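**Q** Sharing a model that was predicted from the sequence below.
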Amino acid sequence: MKQRLAAVLAADMVGYSRLMEGDEAGTLARLRTHRMELIDPAIVKNDGRIIKTTGDGMLVEFQSVTDAVKCAVEVQQRMKRRNADVPADSRIEFRIGINLGDIIFDDGDIFGDGVNIAARAEQLADVGGICVTAAVATQIGGRLEVAFEDLGEKMLKNISRPVHLYRVALDGPMPDVASPPQEADTTRAVSKPSIVVLPFDNMSGDPEQEFFADGMTEDIITELSRRHELFVISRNSSFVYKNQPVNVREVAEKLGAQYLVEGSVRKIGDRVRVTVQLIDAVSDAHIWADKYDRKLDDVFAIQDEVTAAIAATLPGRVEAAQRDQLARTKPANMAAYECALTAKVLHHRSTEADNKQAQELIERAVTLDPNYAHAHAWRACIFGQAWVNGWCEDRDALWNLALGEVDKALALDDNDADVHRILAAININNNDLATARHHQERGLALNPNYDLVVVQQGELLTWLGRPEEGTEWIRKAMRLNPHHPERFWSHLGKAHFAARQYGEAIEAFMHLSSMDQVQHAFVAACHGWLGDEIAAGAHMRKVRALAPDFGVDAFLTTLHFARESDVEHVREGLIKAGADDGAPAVSSVAAQ
């Protein structure tokens, strides 16, 4: 046995038995998600060591009491944000107690009075709170930006003497999560585009359709609120204007909205028509409009379908309007959102020069607002694009930078579907499909109508050897957003190829306005399997013109198929198309 001074953190899940009784599998899955994404990484980052875990709790040892408190504060503050949209009776919440004292270490476990006091202090913590002993509070002093509330001396179970306890105030800033503070004149909060959805008009002359119109409006507000790059005005504010004549500019000024969504519902026989339009409140210009005609078989199914389509399309229309506005104004000192938006546009062009400029702009975005989670996530994505294509001198260093940015984004806002989408994409490119699948499922849970998350689900299923399912998800993304990026067709083409549907794959690739060497290679392989030597040869010549050093073996290493049979399927198709096996390394890979 060894004995030394250490900080002990005891954590326990609140209401574990009740949650397990209500939904055992779901509770375990959510707890596992919190462990993987939040709790375990926070412990590792702060140099903690998990001593033991139970179904609903854990004991963690830290050599530094400061690290123990930093870890606890980060976990509790991030859990609070995670639970913001979760019903109260379904939340996973923890109590945490921390003590500093002499601990006995024996056979991988810890014992002694110091451990028992930490466990008893945890029982007196608030739900979602932290309770520490006087020894901890004294040691922290002014080292961290946290405040302590004196709880006085308490008698703890099985402890003979009273113990002085303190409550940690969690409404202050989170320690060591955001970037270092910037100068006051260079830092400002991000200004997101704001949007208000006005109550849809019931044009049916049927009072019973009023519930449908109101439900549609509320659902669109809810779904748009999932998109963290938008600021969505609440239902309570927008429904003030129900059944009232509206002056667009006056409403926008009162609610502080840049964009307005108006719509109407009209029942015609056994059909229902929903119209929607997006208006720029400043210029009173109509940016986008669409209509949806559906047979009135299931009013709730129609409501869900149309809501999903509108929620998927609107953010893209808003972003396009913002891009147009930036192009017209060309501000000398763009705000964080504008920098991030422009960086995204450059990223999608997928060239080395544009990527370099995107890196500069996204760096300015996080400098202007270090707490802008969306910008940190996209910085990781832009670094990832450079890493994938080899647009850097030190790939290992760039990969670590990308991972660091994702960690910051997760710490700042792990309820952003984009953060998990980008994490999934990075892990796909690193061939860690298990981790990619975890983050992909989390992104879908956070925003099931986000076309970029949906299409990536199809891409991931293709790599996992389930291309038939993959094509369904990719086509769903196309339905969600009829104005989808062109690359969706590339994902669909690869899925059809993996499903041995060569004609459909060729047709999908033909939707692209231009193809890179990777896409030409897949089309060549399709024609190779179909036995069309002339078409296959033509596409292989395109491949060699774009990438003179193209080689089959090297090309296969840029793909992410989990099954060896799928890799060999590509190889055989390329060889049938006339490619040389075992040639030198390929210079670049497909943009994700």
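**A** Yep, it's here. Numbers count the residues shown, from 1 in each chain.

**Q** Other residues contacting stretch 129-139?
**A** Applying Cβ atoms under 8 Å, 6 or more residues apart in numbering, the contact partners of stretch 129-139 are 7, 65-66, 68-69, 72-73, 76, 95-101, 117-118, 121-122, 124-125, 148, 151, 163-168, 170. Placement of C-beta: from N, CA and C, glycine included.

**Q** what's the domain layout of the chain?
**A** 2-169, 194-329, 331-418 (automatic domain parsing).

**Q** rewinding a little: buried ones among the contacts of stretch 129-139?
**A** For these, a neighbour count by 16 or more other Cβ atoms under 10 Å gives the buried set as 7, 65-66, 68-69, 72-73, 76, 95-101, 117-118, 121-122, 124-125, 148, 151, 163, 165-168, 170.

**Q** where along the stretch 201-350 of the chain do the strands fall?
**A** Taking DSSP state E, counting those that start in this stretch, the strands of the stretch 201-350 of the chain run over residues 201-202, 231-232, 259-268, 271-280, 285-295.

**Q** Turn those into JSON lines, including mean pLDDT and mean neighbour count.
**A** Output for the strands of the stretch 201-350 of the chain, formatted as JSON lines (pLDDT from 0 to 100; neighbours: other Cβ atoms under 10 Å):
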{"stretch": "strand 201-202", "mean pLDDT": "86", "mean neighbour count": "18"}
{"stretch": "strand 231-232", "mean pLDDT": "78", "mean neighbour count": "20"}
{"stretch": "strand 259-268", "mean pLDDT": "84", "mean neighbour count": "21"}
{"stretch": "strand 271-280", "mean pLDDT": "84", "mean neighbour count": "19"}
{"stretch": "strand 285-295", "mean pLDDT": "80", "mean neighbour count": "14"}
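
**Q** Which one of the ones you listed lies nearest to F105?
**A** Among these, the nearest to F105 by Cβ to Cβ is strand 231-232 (51.1 Å).

**Q** So what are the sheet partners of that closest one and their directions?
**A** Partners of strand 231-232 in the sheet, by DSSP bridges, are strand 194-197 (parallel).

**Q** Could you list the residues in contact with the partner strand?
**A** Contacts of strand 194-197 (Cβ under 8 Å, 6+ apart): 217, 220-221, 224, 230-233, 237-238, 251-252, 255-261, 314, 318.

**Q** mind putting the domains of the chain in TSV, distance to N430 included?
**A** Converted to TSV, the domains of the chain look like this (distance: least, Cβ to Cβ, whole Å):
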stretch	distance to N430
domain 2-169	16
domain 194-329	25
domain 331-418	8
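
**Q** Nearest to N481, out of those domains?
**A** It is, among the domains of the chain and with distance given as Cβ to Cβ, domain 194-329, at 4.6 Å.

**Q** What about W399, how many residues nearby?
**A** Per other Cβ atoms under 10 Å, the neighbour tally for W399 reads 18.

**Q** as a whole number, average confidence for stretch 67-84?
**A** Mean pLDDT, stretch 67-84: 89.

**Q** likewise stretch 430-444?
**A** pLDDT averaged over stretch 430-444 gives 88.

**Q** from the middle of its chain, how far away would it be?
**A** Mean C-alpha position of stretch 430-444 versus that of the full chain (Cα atoms, centre = their mean, to the nearest Å) differs by 11 Å.

**Q** And stretch 251-258, by the same measure?
**A** With Cα atoms, centre = their mean as the basis, the mean position of stretch 251-258 lies at 29 Å from the chain mean.

**Q** got the contact list for that stretch?
**A** Outside stretch 251-258, the residues that touch it by Cβ under 8 Å, 6+ apart are 193-196, 198, 233, 237-238, 241, 260, 280-282.

**Q** Just the buried residues of these.
**A** Burial by neighbour count, judged by 16+ other Cβ under 10 Å, picks out P193, S194, I195, V196, L198, I233, S238, Y241, L260, D280, A281 from the contacts of stretch 251-258.

**Q** OK, contacts around the residue of the chain most remote from its centre?
**A** The C-alpha centroid of the chain is most remote from S160, which lies 49.3 Å away (Cα atoms, centre = their mean). For S160, no residue meets the contact criterion (Cβ under 8 Å, 6+ apart).

**Q** would you say it is within a helix?
**A** No: looking at S160 with DSSP: H, G, I helix; E, B strand; the rest coil, it is coil, so not inside a helix.

**Q** pLDDT at it, what is it?
**A** Value listed for S160 in the pLDDT field: 73.

**Q** hey, C-alpha coordinates of stretch 548-562 in PDB?
**A** C-alpha atoms of stretch 548-562 as PDB (Å, rounded to 0.1, in the frame of the first residue of the first chain):
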ATOM      1  CA  PRO A 548      -0.400  11.900 -64.500                       C
ATOM      2  CA  ASP A 549       1.000  10.000 -61.500                       C
ATOM      3  CA  PHE A 550      -2.400   8.100 -60.900                       C
ATOM      4  CA  GLY A 551      -2.000   4.600 -59.700                       C
ATOM      5  CA  VAL A 552      -4.600   2.000 -58.700                       C
ATOM      6  CA  ASP A 553      -3.000   0.900 -55.400                       C
ATOM      7  CA  ALA A 554      -2.500   4.500 -54.300                       C
ATOM      8  CA  PHE A 555      -5.900   5.500 -55.400                       C
ATOM      9  CA  LEU A 556      -7.500   2.700 -53.300                       C
ATOM     10  CA  THR A 557      -5.800   4.000 -50.200                       C
ATOM     11  CA  THR A 558      -7.700   7.300 -50.500                       C
ATOM     12  CA  LEU A 559     -11.000   5.500 -50.300                       C
ATOM     13  CA  HIS A 560     -12.600   4.400 -47.000                       C
ATOM     14  CA  PHE A 561     -14.400   1.200 -47.600                       C
ATOM     15  CA  ALA A 562     -14.600  -1.000 -44.600                       C
END
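
**Q** what distance separates that stretch from the middle of the whole chain?
**A** 29 Å.

**Q** quick one on the thing from earlier: out of the contacts of stretch 251-258, which comes closest to G573?
**A** Set against G573, the nearest of the contacts of stretch 251-258 by Cβ to Cβ is P193 (45.0 Å).

**Q** That closest one and F231 touch, don't they?
**A** Yes: here P193 reaches F231: they are 6.9 Å apart, a contact under Cβ atoms under 8 Å.

**Q** Let me know how buried the closest residue to G128 other than its chain neighbours is, in neighbour terms.
**A** Nearest non-adjacent residue to G128, counting by Cβ to Cβ, 6 or more residues apart in numbering: E93, 4.9 Å away. By other Cβ under 10 Å, 19 other residues sit near E93.

**Q** Give me the pLDDT for E93.
**A** pLDDT for E93: 93.

**Q** which ones among the contacts of strand 194-197 are found in helices?
**A** T217, I220, I221, L224, S237, S238, V251, A252, L255, L314, V318 (DSSP state H).

**Q** For L460, give its distance to I428.
**A** According to Cβ to Cβ, to the nearest Å, L460 stands 6 Å off from I428.

**Q** any weak-confidence spans in the stretch 51-200 of the chain?
**A** Counting by pLDDT under 70, the stretch 51-200 of the chain has low-confidence residues at 85, 171-192.
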